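In: Have a look; sequence and predicted model below, questions after that.
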Amino acid sequence: MHTPEAVFLKSLMEWVEAQKKILNAFKEADKELENADRLMQVLASRNACFHIARTIKGFESWLQNPLVIGLMPKEMADEVRRKLWDLMKEVMEFDIKHTSDFTNLLKKMSDEGKLPRVLFEKREEARRVPYTL
């Protein structure tokens with residue numbers, strides 16, 4: 001018989017194993033990406049964002065679980081908070097730097113007349129013809 005405790009522990013172990021597999025795949029792909037073209041770099045970055053968001057969403061859900069809230073020792077809660085705050089600051093600092101750098105690049109390209117205008121045009125919404133009899 002599967003007790004609720006056994007089911008919960010099994011799901012935790014499965015999460016850890018899945019995360020290990022994904023992490024190993026990323027580590028192996030890292031070597032291949034060193035010489036990848038621009039498109040592959042962007043796709044790899046999108047994939048990384050997906051897994052970061054998935055992991056953070058998992059942590060957010062984890063920290064709302066009454067079992068975790070009720071049983072996590074203070075030292076463990078401190079470690080989680082410190083690490084998540086460090087990650088948050090690192091991601092936000094990178095976002096600020098990258099967005100600022102890209103803004104400066106776009107400004108320079110704009111000043112030099114090198115921006116493809118077609119990428120900035122608003123798409124006109126398809127006009128809907130009302131259905132009448």
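Out: Here it is on my side, so go on.

In: residues near Arg46, how many?
Out: 9 (other C-beta atoms under 10 Å). Yep, even glycine has a C-beta here, placed from its N, CA and C like the rest.

In: quick one, what contacts Ile69?
Out: Leu63 (C-beta atoms under 8 Å, 6 or more residues apart in numbering).

In: Tell me how far the residue most central in space within the chain lies from Val91.
Out: Nearest to the mean C-alpha position of the chain, by C-alpha atoms, centre = their mean, lies Cys49 at 2.7 Å. According to C-beta to C-beta, to the nearest Å, Cys49 and Val91 sit 10 Å apart.

In: next SSE after the helix or strand where Asn24 lies?
Out: According to DSSP states H and E, Asn24 maps onto helix 4-33. Downstream of helix 4-33, the next assigned helix or strand under DSSP H and E is helix 38-62.

In: And the helix or strand following that following helix, what's buried?
Out: Later in the chain than helix 38-62, the nearest helix or strand by DSSP H and E is helix 66-71. By 16 or more other C-beta atoms under 10 Å, helix 66-71 has no buried positions at all.

In: tell me the mean pLDDT over the helix or strand following helix 66-71?
Out: Following helix 66-71 in sequence order, the next helix or strand is helix 74-111 (DSSP H and E). Across helix 74-111, the average pLDDT comes to 97.

In: Count the residues that sit near Leu115.
Out: 14.

In: List the buried residues in stretch 41-56.
Out: Ala44.

In: and that stretch, how far out from the chain's middle?
Out: 4 Å (C-alpha atoms, centre = their mean, to the nearest Å).

In: try stretch 12-25
Out: The answer for stretch 12-25 is 16 Å, by C-alpha atoms, centre = their mean.

In: any idea how far Thr3 is from Val118?
Out: Distance from Val118 to Thr3, by C-beta to C-beta: 61 Å.

In: cool, Lys107 as well?
Out: 61 Å.

In: and these two? which has more neighbours close in?
Out: Taking Lys107 and Thr3 together and counting by other C-beta under 10 Å, Lys107 has the greater number of neighbours (11 against 8).
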